[in-house]
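Enquirer: coords below, sequence missing:
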């Protein structure tokens with residue numbers, strides 16, 4: 001059996017984050033704050049020798065990973081894009097105002113914000129509700145999301161070796177969904193930009209070691 005560690009980092013702040021826009025498969029550049037988020041994450045990870053580095057293929061994740069590596073002492077590594085670890089796809093709602101969108105999605109279920117949806121129904125239902133509210137029904141539902149992410153997890157299991165330490169830059173709701181599933185989170189708070197969540201992955205299990213850290217790691 002092989003067991004390896006995955007340090008999953010949320011990308012740095014983007015302009016769409018700053019403007020509070022829905023950002024799943026649409027993309028926007030890192031702000032200056034976002035670049036600082038990435039560099040700080042790298043410094044937080046300094047001393048960890050990574051055996052592989054991956055990122056969602058969104059430019060915000062790739063840019064973050066490429067800032068983390070030199071700041072963590074892993075400049076010799078190159079980043080491999082992994083589309084499987086993209087953010088959830090919000091379909092028709094991509095680029096729309098975040099508060100207005102989640103109100104439209106959640107209000108029919110008496111949950112007018114994403115946090116309210118998560119508290120009342122869980123992050124899984126948030127995806128299902130988004131697909132139902134999308135007039136084109138192209139937003140990812142929970143089953144579609146996990147088919148994609150499980151493919152990425154299977155790829156990691158097939159590629160990494162026992163004892164490996166892996167950098168993986170991804171997105172807020174993707175990281176939150178994994179932590180909620182495997183760590184049984186009860187808080188609706190998603191990970192902040194530049195925060196570190198650590199998973200231990202074996203052939204038959206996934207364990208959440210810690211979630212959303214932005215200071216000392218342990």
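Expert: Arrived safely, thanks for sending. Model, not experiment: these values are computed from the prediction.
Enquirer: need the contact list for residue 190.
Expert: Going by CB atoms under 8 Å, 6 or more residues apart in numbering, residue 190 touches 172, 173, 175, 176, 212. C-beta here means a position set from N, CA and C on the backbone, and glycine is covered the same way.
Enquirer: surely the third one meets residue 6?
Expert: No. With the criterion set as CB atoms under 8 Å, residue 175 and residue 6 do not qualify as a contacting pair; they are 10.5 Å apart.
Enquirer: OK, contacts around residue 113?
Expert: Shown in contact with residue 113 (CB under 8 Å, 6+ apart): 99, 102, 103, 106.
Enquirer: just the buried subset of those, written out for ChimeraX, thanks.
Expert: Here is the ChimeraX command that selects the buried residues among the contacts of residue 113 (16 or more other CB atoms under 10 Å):
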select :102,106
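Enquirer: so which of the contacts of residue 113 comes closest to residue 47?
Expert: residue 102 (38.8 Å; CB to CB).
Enquirer: count of neighbours near the closest residue to that closest one other than its chain neighbours?
Expert: Nearest residue to residue 102, sequence neighbours excluded (CB to CB, 6 or more residues apart in numbering): residue 114, at 4.5 Å. Neighbour count for residue 114, taken as other CB atoms under 10 Å: 22.
Enquirer: name the residues of the longest helix along the chain that are buried.
Expert: Longest helix in the chain, counting residues (DSSP state H): helix 142-159. Going by neighbour count (16+ other CB under 10 Å), the buried part of helix 142-159 is 142, 144, 145, 146, 148, 149, 152, 153, 156.
Enquirer: report the contact partners of the residue nearest the centre of the chain.
Expert: Residue closest to the average C-alpha location in the chain (CA atoms, centre = their mean): residue 171, at 2.6 Å. Residues near residue 171 by CB under 8 Å, 6+ apart: 10, 11, 24, 56, 58, 61, 85, 86, 87, 88.
Enquirer: is it true that the fourth one touches residue 175?
Expert: Going back to what we said before, that points to residue 56. No. With contact defined as CB under 8 Å, residue 56 does not reach residue 175; the gap is 10.5 Å.
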